[in-house]
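Trainee: Sequence and predicted structure are below.
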Amino acid sequence: MSVLRLAVVGPGLMGMKHIELVRADPRTELAAIVQPEPVHARSLAETFGVPVFGDVSACLESVSPDGLILASPNPFHFDQARTCAAAGVPMLIEKPITDDLSEAEALVDLIERSGVKAMVGHHRAHSPLVSAARRVVESGRLGRLVAFQGSAVFRKPDDYFAAAPWRTRDGGGPILINLIHEIGMMRTLCGEIDAVQAQTSSRVRGHAVEDTAAITVSFSEGALGIFMLSDSGASARSWEQTTGENPAFFNSPEETCYTLTGEAGTLHFPTLRLETFPSAEAASWMRPFTSEVVPVVRRDPLAAQLTNFIEVIRGEAEIVVTALDGLRNLRVIDAIKRSARSGRRVKVTG
């Protein structure tokens with residue numbers, strides 16, 4: 001089978017990871033890079049031995065790649081994805097699908113009408129840890145879900161913002177950059193989200209966007225959730241630091257970032273420690289749990305996501321995270337932002 005030629009748009013933090021994975025996978029080759037800043041174009045071309053273009057249109061016209069990975073800053077996603085859709089080129093759009101809800105609605109409509117293959121880079125959905133947790137929930141071993149507790153509290157260094165000032169303005173901030181991952185995980189593990197209530201603060205960093213948020217969540221099946229978010233807190237209770245899936249982050253394997261509790265048991269994530277009552281008759285806080293660790297075979301979710309993209313392009317698999325999934329995640333984020341502004345509980349639209 002022929003090797004797929006992929007182009008990567010936006011060789012930043014995530015873009016470089018995609019470039020590395022594309023070059024390492026024998027099923028793909030790096031066909032081009034899109035970098036609007038000419039000052040970096042020559043060094044990128046020399047380093048990777050591929051043409052570097054200033055915009056997506058020029059790349060599509062000159063190279064005709066089999067697929068594009070859009071890893072550019074959030075405000076560029078809409079126009080670049082529209083260009084791909086118009087050309088009928090399969091695309092992997094880094095999360096969020098866009099940074100504007102109305103643009104995301106329009107983009108999903110365009111994607112559905114054009115029939116172009118488009119997936120969104122909520123790569124955690126490809127993690128074997130998530131698959132294992134979902135199997136536990138679907139097996140009924142927890143009983144009906146009662147509560148979800150989540151945390152994404154970590155300390156980003158100052159140079160994270162200096163390297164990309166857009167992260168300090170509207171379209172940046174941990175709600176859109178980080179929490180949208182968590183929304184995807186909550187929807188995957190607990191079902192659709194009906195309503196939210198949120199408070200935010202920018203006291204620590206003083207940016208135009210929040211650095212901390214506290215959110216309560218109502219799920220459509222009746223469970224309630226609470227989530228704590230901050231990019232300014234000295235804590236290891238975050239996905240990156242607990243899962244160990246990204247070696248760039250300090251790993252604290254004894255910590256958890258999610259707790260899913262049902263009538264019959266609790267699952268701690270990502271340790272996958274499962275605590276259940278030995279029988280329905282023993283369901284009491286005065287009785288001990290039976291404890292076990294759910295087995296899992298680990299794999300890099302970004303590599304698994306690339307595999308899904310390759311197989312989707314070839315017509316061998318269904319998309320794991322669709323453009324509609326990306327839109328639904330963004331709808332929840334929009335509701336959280338509206339709740340933080342109003343101080344009220346907000347229903348999720350759509």
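Mentor: Right, received. Where do you want to start?
Trainee: those strands in the stretch 51-200 of the chain, which residues are they?
Mentor: Secondary structure of the stretch 51-200 of the chain (DSSP state E, counting those that start in this stretch): strands at 52-53, 67-70, 91-94, 118-121, 145-153, 193-201.
Trainee: The ones you listed: which one's closest to Thr243?
Mentor: Judged by C-beta to C-beta, the one of the strands of the stretch 51-200 of the chain that comes nearest to Thr243 is strand 145-153, at 11.9 Å. For glycine as for every other residue, the C-beta is placed from the backbone atoms N, C-alpha and C.
Trainee: Need the residues that contact stretch 263-280.
Mentor: 129, 132-133, 136-137, 140-144, 146, 239, 242-243, 253-254, 256-261, 283-284, 287, 289-294, 296 (C-beta atoms under 8 Å, 6 or more residues apart in numbering).
Trainee: how close does Tyr160 sit to Ser151?
Mentor: For Tyr160, the distance to Ser151 equals 19 Å [C-beta to C-beta, to the nearest Å].
Trainee: Neighbour count: the two, which is higher?
Mentor: Ser151 (23 against 13; other C-beta atoms under 10 Å).
Trainee: any chance you could read off phi and psi for the residue lying closest to that one once chain neighbours are set aside?
Mentor: Computed as C-beta to C-beta, 6 or more residues apart in numbering, the closest residue to Ser151 that is not its neighbour in sequence is Arg237, at 4.1 Å. Main-chain torsions, Arg237, degrees, to the nearest 10: phi -90, psi 70.
Trainee: quick one on the thing from earlier: distance to Glu105 added to the strands of the stretch 51-200 of the chain, as JSON lines?
Mentor: As requested, the strands of the stretch 51-200 of the chain are exported to JSON lines (distance: least, C-beta to C-beta, whole Å):
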{"stretch": "strand 52-53", "distance to Glu105": "29"}
{"stretch": "strand 67-70", "distance to Glu105": "18"}
{"stretch": "strand 91-94", "distance to Glu105": "15"}
{"stretch": "strand 118-121", "distance to Glu105": "14"}
{"stretch": "strand 145-153", "distance to Glu105": "26"}
{"stretch": "strand 193-201", "distance to Glu105": "17"}
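Trainee: just so I know, which of those lies nearest Lys347?
Mentor: Minimum separation from Lys347 across the strands of the stretch 51-200 of the chain (C-beta to C-beta) falls at strand 193-201, 4.9 Å.
Trainee: Partner strands of that closest one, with direction?
Mentor: Looking at strand 193-201 with DSSP bridges, its partner strands are strand 212-219 (antiparallel), strand 346-347 (antiparallel).
Trainee: Residue for residue, what is the longest helix the protein has?
Mentor: helix 323-342 (DSSP state H).
Trainee: list the helices and strands the helix-or-strand element of the chain with minimal mean pLDDT packs on?
Mentor: Lowest on mean pLDDT, DSSP states H and E among the helices and strands of the chain sits helix 38-48, with a mean of 85. Counting by 3 or more C-beta pairs under 8 Å, 6 or more residues apart in numbering; DSSP states H and E, the packing neighbours recorded for helix 38-48 are strand 28-34, strand 52-53.
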